[in-house]
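Chemist: model the structure of this input:
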Amino acid sequence: MALAFPAIDPIVVQIGPFAIRWYALAYITGLILGWRYMLRMTKDLPLREVQVTDENGKVETVKEPVVTRFAVDDFLVWATFGVVLGGRLGYVLFYKPGYYLENPLNILTVWQGGMSFHGGLLGVCIATILFCRKRDIPLFTFADMLGCAAPIGLFFGRIANFINGELFGRAADVPWAMVFPHGGDIPRHPSQLYEAGLEGLVLFIVMAALWRCPHFRARPGFLAGVFFIGYGLARITAEFFREPDAYLGFLYYGATMGQLLCLPMIAFGVWLVWRARRAAPVTGA
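Modeler: Numbering: from 1, shown residues only. Predicted coordinates for the structure are as follows:
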């Protein structure tokens with residue numbers, strides 16, 4: 001016995017050759033909601049004094065959050081490029097380097113799927129470092145905000161994976177197992193929903209609860225570290241129920257590529273937490 005897979009057209013709307021897919025809509029929704037959430041977070045940040053010049057040329061000193069709403073607005077474009085370019089290049093390099101070496105033009109066919117979270121994360125990290133340097137924004141404070149907002153995009157991304165019937169789970173005999181269109185006639189774990197719950201919903205609740213505590217906000221980098229650790233543990237757990245990619249299979253000691261990529265991520269998160277706890281707290285946070 002298995003649940004029927006809800007066959008949903010991966011294309012939301014199509015007008016002639018132009019099509020809007022659930023996959024693209026998930027990325028757009030995650031970016032927009034994450035942006036709106038970060039705008040709300042700016043009111044909880046410590047203030048700093050800056051000098052501004054009014055229209056009459058008079059210079060005065062005002063106080064503003066260390067990350068302003070205008071900075072969050074500007075970063076949305078940077079984040080979009082970081083997610084898309086990093087996610088695609090990560091997929092090409094981590095998962096199918098041989099195929100794309102033989103078919104380099106297919107690297108551009110993003111609409112056909114094939115994005116790596118770890119690549120997208122690396123792309124956003126690079127974009128964040130460059131952006132914070134350009135705008136003179138405290139890097140670790142901004143990273144904390146991103147860590148709190150990221151689970152929103154993860155949730156919608158995994159829901160899109162489920163709608164597409166991709167990245168399905170291993171064979172299972174649980175009552176909620178499903179037969180996926182591209183997974184043969186074997187009932188499988190709906191592992192995309194497991195990941196949406198763990199990496200998205202649960203991690204978002206944990207990060208939101210920690211953000212509301214001034215003690216943790218006062219230690220820049222702590223929340224970013226918790227995100228890295230939390231995502232890594234959630235992904236490793238979910239991978240035990242997810243069918244490994246056919247072209248990779250199981251790797252060292254039965255681990256999957258996703259699990260292996262999470263190990264340095266967790267280590268980096270532990271370092272961020274350790275560093276934040278040793279640093280002097282930021283007053284006014």
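
Chemist: helix/strand/coil for L33?
Modeler: helix (DSSP: H, G, I helix; E, B strand; the rest coil).

Chemist: how close does it get to F18?
Modeler: With the distance defined as CB to CB, to the nearest Å, L33 ends up 24 Å from F18. Where you see a C-beta, it was placed from the backbone N, CA and C, and this is true even at glycine.

Chemist: between these two, which one's more packed in?
Modeler: L33 (15 against 7; other CB atoms under 10 Å).

Chemist: give the contact list for the more buried one.
Modeler: I152, G153, F156 (CB atoms under 8 Å, 6 or more residues apart in numbering).

Chemist: same thing with L121?
Modeler: Contacts for L121 (CB under 8 Å, 6+ apart) come out as G86, M265.

Chemist: cool, the one 5 residues further on as well?
Modeler: I126 makes contact with G82, G86 under the criterion CB under 8 Å, 6+ apart.

Chemist: now do A4
Modeler: By CB under 8 Å, 6+ apart, the neighbours of A4 are M178, V179.

Chemist: what score does it have for pLDDT?
Modeler: Listed pLDDT for A4 reads 83.

Chemist: quick one, phi psi at it?
Modeler: phi -80, psi 130 (degrees, to the nearest 10).

Chemist: go on, the one 4 residues further on?
Modeler: Backbone geometry at I8, expressed as degrees, to the nearest 10, gives phi -110, psi 130.

Chemist: I137 now?
Modeler: Dihedral angles for I137 - degrees, to the nearest 10 - are phi -110, psi 140.

Chemist: ok, it - how many residues close by?
Modeler: By other CB under 10 Å, 17 other residues sit near I137.

Chemist: which strand or helix spans I126?
Modeler: Per DSSP states H and E, I126 falls inside helix 117-135.

Chemist: then that helix to PDB, C-alphas only?
Modeler: Only the C-alpha atoms of helix 117-135 are listed here, as PDB (Å, rounded to 0.1, in the frame of the first residue of the first chain):
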ATOM      1  CA  PHE A 117      22.300  24.100  -2.100                       C
ATOM      2  CA  HIS A 118      26.000  24.000  -1.000                       C
ATOM      3  CA  GLY A 119      27.000  25.800  -4.200                       C
ATOM      4  CA  GLY A 120      24.300  28.400  -3.700                       C
ATOM      5  CA  LEU A 121      25.400  28.900  -0.100                       C
ATOM      6  CA  LEU A 122      29.000  29.400  -1.200                       C
ATOM      7  CA  GLY A 123      27.800  31.900  -3.800                       C
ATOM      8  CA  VAL A 124      25.800  33.800  -1.200                       C
ATOM      9  CA  CYS A 125      28.700  33.800   1.200                       C
ATOM     10  CA  ILE A 126      31.000  35.300  -1.400                       C
ATOM     11  CA  ALA A 127      28.300  37.900  -2.300                       C
ATOM     12  CA  THR A 128      27.900  38.700   1.400                       C
ATOM     13  CA  ILE A 129      31.600  39.300   2.000                       C
ATOM     14  CA  LEU A 130      31.900  41.600  -1.000                       C
ATOM     15  CA  PHE A 131      28.700  43.500  -0.200                       C
ATOM     16  CA  CYS A 132      29.600  44.100   3.400                       C
ATOM     17  CA  ARG A 133      33.000  45.300   2.500                       C
ATOM     18  CA  LYS A 134      31.500  47.700  -0.100                       C
ATOM     19  CA  ARG A 135      28.800  49.100   2.200                       C
END
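
Chemist: now do the contacts for G119.
Modeler: Here G119 is in contact with G86, G87, R88, L89, G90, Y91, L93, F94 (CB under 8 Å, 6+ apart).

Chemist: element containing L203?
Modeler: Under the criterion of DSSP H and E, L203 resides in helix 203-211.

Chemist: give me the buried positions along whichever helix or strand comes after that helix.
Modeler: With elements assigned by DSSP H and E, the helix or strand that comes after helix 203-211 is helix 214-217. Within helix 214-217, the residues that qualify as buried are F216, R217, counting by 16 or more other CB atoms under 10 Å.

Chemist: what residues does helix 214-217 touch?
Modeler: D44, L45, D144, L210, W211, F222, L223, P281, A285.
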